[in-house]
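*Asks:* just a sequence and a predicted model for now, questions to come.
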Amino acid sequence: MIIEEAKRVIRVEAEALLNLEASINGAFEQAVQMILNSETGRVVVTGMGKSGLIGQKIASTMASTGTPAFFLHPAEGIHGDLGMIMKGDVVIAISNSGETDEVVRILPIIKRLGASLIAMAGNPASTLAKSGDVFLDISVKEEACPLGLAPTASTTVTLAMGDAIAVALLVSRGFKAEDFAMFHPGGALGRRLLLRVQDIMHSGEALPLVNEKTLMREALFTITSKGLGITGVTSDDGALVGVITDGDLRRALGKGLDIINLPASELMKKGAKRIRCDELAARALQQMEQYSITSLFVFDDDNAKAPVGIVHLHDLLKAGIA
């Protein structure tokens, strides 16, 4: 019975969403254009109860996708917060009945402040619907609640309408993933799109490098002390000519080689995988996965011979990239 009831709820809400799609018309386009052409570019979303909770999510989605938006609690509005609304703003007022007292009471003030009003209601004949410069119909045939009391299908439809507006604005403005990342620097996507190799690489004294003539007893100390399991090997002019990893050491010792008194050039692997310091850190991860390695030496540009840093897989893990 539980499974069947859950499926019934989903069917009711899915049908409500399909009906919403069919109801999208010129009024929706007018609402989007109203926001795009508004004097301030700001959107104020307001609503009470469940509509208020949905309104907060709509405002948050708009704010993170390039439309300055915030939520105004209508009850707080009549006690001073209406001062947050500026002339030229667009207010989206949400009420399924269209008669929510706290919302209806602030409608005249919104008009007096010189803001435009997008009314989202389930009753076209309601006070809210008639007050709007644009009316968006969010009516549903039935709620998923078997008692017909708890807002369920109606809140789902309201949220979908808000998402539709936010995405239509996003597309109209040419909003890109890089713009989204700019507003989400703390999120995984933001880090992947914003963080660059130079932000996390080891450089200066932390960069493990030895000259090709350096004896391995000293090279071992460098590999150990820098803590990255690798050292770069450079020529006299500072150019990177090879690398020695702790794996190379184990393989040499496994062959019974006396490596302590060998110069680094005898044990190094020639060449090294490299990356520019201005590349995205996510690109460094791609290269490591492609070549099955854990470190990349970093250069100022593609033609530079002397490395300026090194980035390790652990650095990418710590930064939340991997």
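*Replies:* Alright, I've got the coordinates. Numbering: from 1, shown residues only.

*Asks:* lowest-pLDDT helix or strand in this protein?
*Replies:* None of the helices or strands of the chain scores lower by mean pLDDT, DSSP states H and E than helix 188-194, at a mean of 74.

*Asks:* just name whatever secondary elements it is in contact with.
*Replies:* Judged by 3 or more CB pairs under 8 Å, 6 or more residues apart in numbering; DSSP states H and E, the packing partners of helix 188-194 are helix 177-182, helix 281-291. Every residue, glycine included, has its C-beta placed from N, CA and C.

*Asks:* what comes into contact with the helix or strand following it?
*Replies:* Toward the C-terminus, helix 188-194 is succeeded by helix 197-200 as the next helix or strand (DSSP states H and E). Applying CB atoms under 8 Å, 6 or more residues apart in numbering, the external contacts of helix 197-200 come out as 275-281, 283-284, 296, 298, 309, 311, 315-316, 318-319.

*Asks:* which of those are buried? Put it as a PyMOL command.
*Replies:* Of those, the buried ones go into a single PyMOL selection, burial set by 16 or more other CB atoms under 10 Å:
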select buried, resi 275+276+277+279+280+281+283+284+296+298+309+311+315+316+319
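
*Asks:* in helices, which of the contacts of helix 197-200 appear?
*Replies:* Judged by DSSP state H, the subset of the contacts of helix 197-200 located in helices is 281, 283-284, 315-316, 318.

*Asks:* Throw the residues you listed into CSV and include pLDDT, thanks.
*Replies:* Output for the ones in helices among the contacts of helix 197-200, formatted as CSV (pLDDT from 0 to 100):
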residue, pLDDT
Ala281, 91
Arg283, 91
Ala284, 94
Asp315, 92
Leu316, 90
Lys318, 87
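
*Asks:* of the residues you listed, which pair is most distant in space?
*Replies:* Using CB to CB, the pair of the ones in helices among the contacts of helix 197-200 lying farthest apart is Arg283 and Lys318, separated by 17.2 Å.

*Asks:* please give the element, helix or strand, for Ala168.
*Replies:* If you go by DSSP H and E, Ala168 is part of helix 153-173.

*Asks:* could you check how far that helix is from the centre of its chain?
*Replies:* Chain-centre distance of helix 153-173: 18 Å, with CA atoms, centre = their mean, to the nearest Å.
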